[in-house]
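Visitor: Coordinates only, no sequence provided:
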């Protein structure tokens, strides 16, 4: 596809309260409907990048720009970015006792659509989406992430992704803490969403190649020292799996 969904240009960002620079000149172009995987060792800046894209207040952009569908989003608040079509799946989703998944989702949809979503219309939409994802409808009655296993929390993130229908889905280490069965379930959910809405663009942040066994990326990028230092096709992930990150660190002059 030819439409540019996300363009990151020479992005520098630091922890706001500390002044510690994490991102040191990130450049990235992602077109509509593509799946891009960003891989790298701990401390490379991958999760920081996801948070900066979504507008997390703990980080301050000191240089560069983030263009979403051709428009800078640096001056937009996190909720404005979400309404515009940017979705972030958290590595560690928080628990919200007393708020059911269904109520949370209806509130989120109402905020995105700019008006209260009809109860019956929402119920039909939620049921259809959970059927598509092979999820038990009872799941939506539980309190948001309360007492959830790691796999259940990530499945809830996938449900939110399916319901909110963002244009850009940033998945921050969605495979973190998942066993093989949970990984397959979550990956299958992402693939089903892509089948239903091919235009959905995915930025998949991960440590390991294993998730890419189930979700095939169009491009793989290696991030080290706050920069993307190498890009390629799916074969690059296999090379990382075989050789580790030491060989890419040698390319970096920090």
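Guide: Here it is on my side, so go on. No experiment lies behind these values; they were computed from the predicted model shown.

Visitor: residues near residue 141, how many?
Guide: 11 (other CB atoms under 10 Å). C-betas here are computed from N, CA, C, even on glycine.

Visitor: who does the helix or strand bottoming out on mean pLDDT in the chain touch, helix- and strand-wise?
Guide: Counting by mean pLDDT, DSSP states H and E, the chain has its least confident helix or strand at helix 246-249, which shows a mean of 73. If you count contacts as 3 or more CB pairs under 8 Å, 6 or more residues apart in numbering; DSSP states H and E, helix 246-249 packs onto strand 219-224.

Visitor: Tell me which strands the strand it packs on pairs with, and in which orientation.
Guide: The pairing partners recorded for strand 219-224 under DSSP bridges are strand 35-39 (parallel), strand 227-232 (antiparallel).

Visitor: so where does the closest residue to residue 150 other than its chain neighbours fall, helix or strand?
Guide: Of all residues beyond its chain neighbours, the one nearest residue 150 is residue 177 (3.8 Å), with distances taken as CB to CB, 6 or more residues apart in numbering. According to DSSP states H and E, residue 177 maps onto no helix or strand at all.

Visitor: So what touches the least confident helix or strand of the chain?
Guide: 41, 222, 224, 229-230, 240 (CB atoms under 8 Å, 6 or more residues apart in numbering).

Visitor: what about the closest residue to residue 56 other than its chain neighbours, distance to residue 65?
Guide: Spatial nearest neighbour of residue 56, chain neighbours left out: residue 78 (6.9 Å); criterion: CB to CB, 6+ apart. Noted for residue 78: a distance of 17 Å to residue 65, by CB to CB, to the nearest Å.
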